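Visitor: Curious how this folds, go ahead:
(2 chains)
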Amino acid sequence: GENVEQHPSTLSVQEGDSAVIKCTYSDSASNYFPWYKQELGKGPQLIIDIRSNVGEKKDQRIAVTLNKTAKHFSLHITETQPEDSAVYFCAATGGKLIFGQGTELSVKP
Amino acid sequence: NAGVTQTPKFQVLKTGQSMTLQCAQDMNHEYMSWYRQDPGMGLRLIHYSVGAGITDQGEVPNGYNVSRSTTEDFPLRLLSAAPSQTSVYFCASSYHVRGSSNTEAFFGQGTRLTVV
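Guide: Below you'll find the predicted structure:
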């Protein structure tokens, strides 16, 4: 079955810097790669997703890249703000939605 | 439109007790799933369902049962609670295409379960 590895587990950046979170997946049949943000005490919420027929997708300060050959995908947040502080999860699916271990992002003002 | 509703929000059980975590969605989603969240281990899939009457196992199904008699409801049953089942449980729902969860998943607020 699918296995998703996510790095780093924690990430601390200064406000205004960029943050990058990386994930790898194992199942070559996976075709949908969403990213979720979880704030304290809440359920995860989708922030951006990418499908296997696209290499890059951007939404304001957030971008995701996908390398199908290498089976890895990354989340890029530019001009980070304190409200970006949260836990971020990558996921992959070719059927069941399988998540990575999560990255706790801390943006220091 | 309430989205995904989980009850209860908090629960303390004694070892060996049984209980059911409730999950309901009002978006007519066919795909529903249960995850547990533990520190450092992300969200791990327990069971999922692609429609009423159809359920399947996820990554960590042992000790849990599910059923799907309606599109709206997907309860998770702990048969005999163990301390290892102390966790935060999340229910999620989404549309699916050909039995695959490849659209936005909507999560409930979670149930924090402690087994003593």
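Visitor: can you map out the strands along the chain?
Guide: You didn't say which chain, so I picked chain A. In chain A, the segments counted as strands under DSSP state E are A:4-7, A:10-14, A:19-25, A:32-38, A:45-51, A:56-59, A:62-67, A:72-77, A:86-93, A:97-99, A:103-108.
Visitor: I was thinking of chain B, sorry if that wasn't clear
Guide: Going by DSSP E, chain B shows strands at B:4-7, B:10-13, B:19-25, B:31-38, B:42-51, B:54-57, B:64-66, B:76-78, B:87-94, B:106-107, B:111-115.
Visitor: mind checking which of those is nearest residue A:4?
Guide: Ranking the strands of chain B by proximity to residue A:4 (Cβ to Cβ) places strand B:42-51 first, at 8.1 Å. Placement of C-beta: from N, CA and C, glycine included.
Visitor: between that closest one and strand A:103-108, how many degrees?
Guide: 120 degrees (axes from the mean of the first three to the mean of the last three Cα atoms, to 10 degrees).
Visitor: for strand B:42-51, packing partners?
Guide: strand A:97-99, strand B:31-38, strand B:54-57, strand B:64-66 (3 or more Cβ pairs under 8 Å, 6 or more residues apart in numbering or on different chains; DSSP states H and E).
Visitor: now, of those strands, which is deepest in the fold?
Guide: Neighbour counts (mean count of other Cβ atoms under 10 Å in any protein chain shown) averaged over each of the helices and strands packed on strand B:42-51 peak at strand A:97-99, with a mean of 27.
Visitor: For residue A:19, give me its contacts.
Guide: Neighbouring residues of residue A:19 by Cβ atoms under 8 Å, 6 or more residues apart in numbering or on different chains: A:11, A:13, A:76, A:77, A:80, A:84, A:105, A:107.
Visitor: ok so, going back, what's the closest of the helices and strands packed on strand B:42-51 to residue B:97?
Guide: Closest approach to residue B:97 among these (Cβ to Cβ): strand B:31-38, 9.4 Å.
Visitor: now that closest one, how far from the centre of its chain.
Guide: Centre-to-centre, strand B:31-38 and its host chain are 5 Å apart (Cα atoms, centre = their mean, to the nearest Å).
Visitor: ok, and what's touching that strand?
Guide: Under Cβ under 8 Å, 6+ apart, the answer for strand B:31-38 is A:96-97, A:99, B:21, B:23, B:25, B:43-51, B:58, B:60, B:64, B:66, B:68, B:74, B:76, B:85, B:87-96, B:101, B:105, B:110.
Visitor: now those: which count as buried?
Guide: With burial judged by 16 or more other Cβ atoms under 10 Å in any protein chain shown, the buried subset of the contacts of strand B:31-38 is A:96-97, A:99, B:21, B:23, B:25, B:43-50, B:58, B:60, B:64, B:66, B:68, B:74, B:76, B:85, B:87-94, B:96, B:101, B:105, B:110.
Visitor: ok, and the closest non-adjacent residue to residue A:32?
Guide: residue B:102 (3.7 Å; Cβ to Cβ, 6 or more residues apart in numbering or on different chains).
Visitor: what's around whichever residue of chain A sits closest to chain B, how many residues?
Guide: Nearest residue of chain A to chain B: residue A:43, at 3.2 Å (Cβ to the nearest Cβ). Using other Cβ atoms under 10 Å in any protein chain shown, residue A:43 has 23 neighbouring residues.
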